[in-house]
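**Q** 3D, please:
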Amino acid sequence: MNIEAMSSRPIAEWTLSDFEAVATSNVPESLKLEFKSDFELGTQEKWRARQDQISSKSRDALAEELVAFANAFGGVLLLGVREKKLTDGVAVSAGVGDPIPSVAECAERLESSLRAVIDPPLAMLEVRAIKTNEDGAGFIVIKVPQSLSAPHGVGRPARAFVRRGASCEPMTMRDLQHVFWEARTSIDRVNRTFDRQRKQFEQVIERRFVHSSYPPHVFFRFTVVPALSFQISHLPSVVGRREFQVADVPFLSSQPTMLTFPSPRWRPIAGAIKAADQDDDGRLREITIWTDGTMELSGMHVSNGDKTKHYPGWYAVGAIWSLYNSWRLRRHLGRVEVPLLMECELRASKDGQVIFSNGDAFGETVAASRFTALTDRLELGVDSTFDDIAQLFAEQIGWACGIDVDFSKLRLGPNLLFDSWRYRKSVSKPARKARRRPSAALPAP
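**A** Coordinates of the predicted model:
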């Protein structure tokens with residue numbers, strides 16, 4: 001059993017079979033894996049007796065293990081796996097424990113209480129109930145990533161812990177210094193990456209922004225940066241040779257794709273791979289993926305028709321396309337616990353003729369600003385928040401264009417799991433086609 005690959009998967013994909021497989025395979029506890037046969041109070045646990053609350057002792061014991069993961073390299077805690085110690089002292093899984101009654105409600109209550117007692121809160125804490133029978137009993141999987149907000153503690157005043165090998169231990173001053181340094185280094189790397197892309201964007205505009213006879217156009221940049229470096233080895237092989245390939249977004253409604261890049265022809269450059277495409281009308285798209293996992297889609301767009309009207313939805317689709325493929329790359333590399341940070345820049349040509357429209361022939365229009373528009377830096381955490389963050393990203397792009405656009409149709413819903421083998425096997429082809437049926441389209445380019 002490849003426990004490393006299993007623990008790196010989103011816990012939303014864990015099944016009872018996965019849980020039982022770990023519990024019965026004599027898997028050892030490790031730096032990123034912890035077993036608990038039951039709550040700290042065992043059969044005396046309040047939840048087992050009344051199913052209305054979880055005792056503070058049991059809650060705090062779990063919270064200490066979770067902050068220890070967050071203050072180190074992240075990890076998974078399986079509540080409901082018995083363990084035994086071998087002669088060398090190593091603890092290994094030894095079967096499933098007694099199922100927790102009303103496990104779905106218990107998991108919900110546990111997540112809420114853990115968030116309340118951990119300081120600062122763990123933004124990407126995930127708690128999943130796995131039912132074993134129709135009565136609603138089962139087990140719980142809890143996952144927490146390495147945190148950029150570390151150190152975390154439990155209680156008031158907070159007590160900090162860290163994972164050492166397979167043990168949860170109190171943090172020393174040296175541990176605290178190390179955690180602060182790691183967090184600061186990661187934040188500085190992200191800031192430097194965004195600063196570098198902004199400067200390159202300005203340089204591109206300066207080089208291409210001078211020809212007065214060129215039709216009105218909009219420069220765009222969508223950048224997604226992982227909070228922790230992915231350190232992708234052999235990047236041209238991973239992406240360029242189809243181990244991983246970018247794909248169009250499976251929206252629930254049909255969307256224009258002229259700002260996406262479904263079939264790039266990659267070429268290696270220093271520290272990255274890049275693909276570019278340009279047509280006779282001057283439309284340019286470039287996509288770059290760096291070894292740290294940063295992905296950027298940029299270029300220049302010229303509208304059809306009278307060349308002046310541009311719709312914010314075109315750029316919103318391009319931005320979500322970038323986020324979607326960064327999310328897919330995160331899953332492909334088994335780094336689902338790493339947050340993704342994103343921003344967008346738009347700049348209309350200096351002739352002042354670009355007009356942003358809400359897409360309605362008689363609707364709102366706004367003359368494009370002569371200054372670069374930059375969205376807020378947003379963060380995608382757990383997979384389940386993709387739709388909400390993507391929609392907020394799209395709305396901010398509309399605002400950057402000076403128009404409040406309804407982007408409620410830019411949602412994925414169940415299509416978010418189309419890359420999951422288990423999802424494709426469990427849903428029939430007619431059902432999948434029905435879920436992807438277009439309901440409305442954004443204006444054509």
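**Q** could you give the bridge partners of Ile273?
**A** Applying DSSP bridges to Ile273 gives these bridge partners: Pro268, Ile289.
**Q** just to check, it is in contact with Gly240?
**A** Yes: here Ile273 reaches Gly240: they are 5.8 Å apart, a contact under CB atoms under 8 Å. For glycine as for every other residue, the C-beta is placed from the backbone atoms N, C-alpha and C.
**Q** overlap in contacts of these two?
**A** Common contacts of Ile273 and Gly240, defined by CB atoms under 8 Å, 6 or more residues apart in numbering, comprise Trp266.
**Q** Arg188: neighbour count?
**A** Wrong residue type there; residue 188 is Asp, not Arg. Neighbour count of Asp188, defined by other CB atoms under 10 Å: 10.
**Q** hang on, it in a helix?
**A** Yes: Asp188: assigned to a helix according to DSSP: H, G, I helix; E, B strand; the rest coil.
**Q** against Glu337, how distant is it?
**A** Separation of Asp188 from Glu337 (CB to CB, to the nearest Å) stands at 20 Å.
**Q** swap in Gln197?
**A** With the distance defined as CB to CB, Gln197 ends up 24 Å from Glu337.
**Q** same thing with Pro145?
**A** In terms of CB to CB, Pro145 sits 3 Å off from Glu337.
**Q** helices along the stretch 101-250 of the chain, start to end?
**A** Per DSSP state H, counting those that start in this stretch, the stretch 101-250 of the chain carries helices over the ranges 103-117, 173-208, 235.
**Q** most packed of the ones you listed?
**A** Most buried of the helices of the stretch 101-250 of the chain, by mean neighbour count (mean count of other CB atoms under 10 Å): helix 235, with a mean of 21.
**Q** mind listing residues that contact that one?
**A** Residues external to helix 235 that are found in contact with it (CB under 8 Å, 6+ apart): Pro268, Ala272, Ile273, Ile289, Trp290, Thr291.
**Q** repeat that for 7 Å
**A** With CB atoms under 7 Å, 6 or more residues apart in numbering as the test, helix 235 has contacts from Ile273, Ile289, Thr291.
**Q** PyMOL command for the buried members of these?
**A** Burial among those is assessed by 16 or more other CB atoms under 10 Å; the matching PyMOL selection reads:
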select buried, resi 273+289+291
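**Q** closest to Phe73 among the contacts of helix 235?
**A** Thr291 (20.1 Å; CB to CB).
**Q** on that earlier part again, what's the closest of the helices of the stretch 101-250 of the chain to Ser254?
**A** helix 173-208 (29.8 Å).
**Q** setting aside sequence neighbours, what's the nearest residue to Glu364?
**A** Asn358 (4.8 Å; CB to CB, 6 or more residues apart in numbering).
**Q** quick check, pLDDT for that neighbour.
**A** With respect to pLDDT, Asn358 scores 79.
**Q** also Ala5?
**A** Per-residue confidence (pLDDT) for Ala5: 76.
**Q** hmm, Val336 and it touching each other?
**A** No: if you go by CB atoms under 7 Å, Ala5 and Val336 don't touch, sitting 11.6 Å apart.
**Q** neighbour count winner among those two?
**A** Taking neighbours as other CB under 10 Å, Ala5 and Val336 compare with Val336 leading, 21 against 9.
**Q** helix, strand or coil: sort out the more buried one for me.
**A** Under three-state DSSP, Val336 falls in the coil class.
**Q** in contact with it, which residues?
**A** Counting by CB under 7 Å, 6+ apart, Val336 makes contact with Ser8, Arg9, Pro10, Arg330, Asp383.
**Q** among these, which are in helices?
**A** Among the contacts of Val336, the ones falling in helices (DSSP state H) are Ser8, Arg330.
**Q** of the contacts of Val336 - the most surrounded one?
**A** Arg330 (21 neighbours).
**Q** what sits against that residue?
**A** Arg330 neighbours (CB under 7 Å, 6+ apart): Pro226, Val336, Val338, Leu340.
**Q** only whichever of those are buried, select them in ChimeraX.
**A** If you want just the buried ones from the contacts of Arg330 in ChimeraX, going by 16+ other CB under 10 Å, the selection is:
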select :226,336,338,340
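**Q** per-residue confidence at Asn2?
**A** Looking at Asn2, its pLDDT is 73.
**Q** quick check: the gap between the residue nearest to Glu364 and Ala367.
**A** To Ala367, Asn358 is 14 Å away according to CB to CB.
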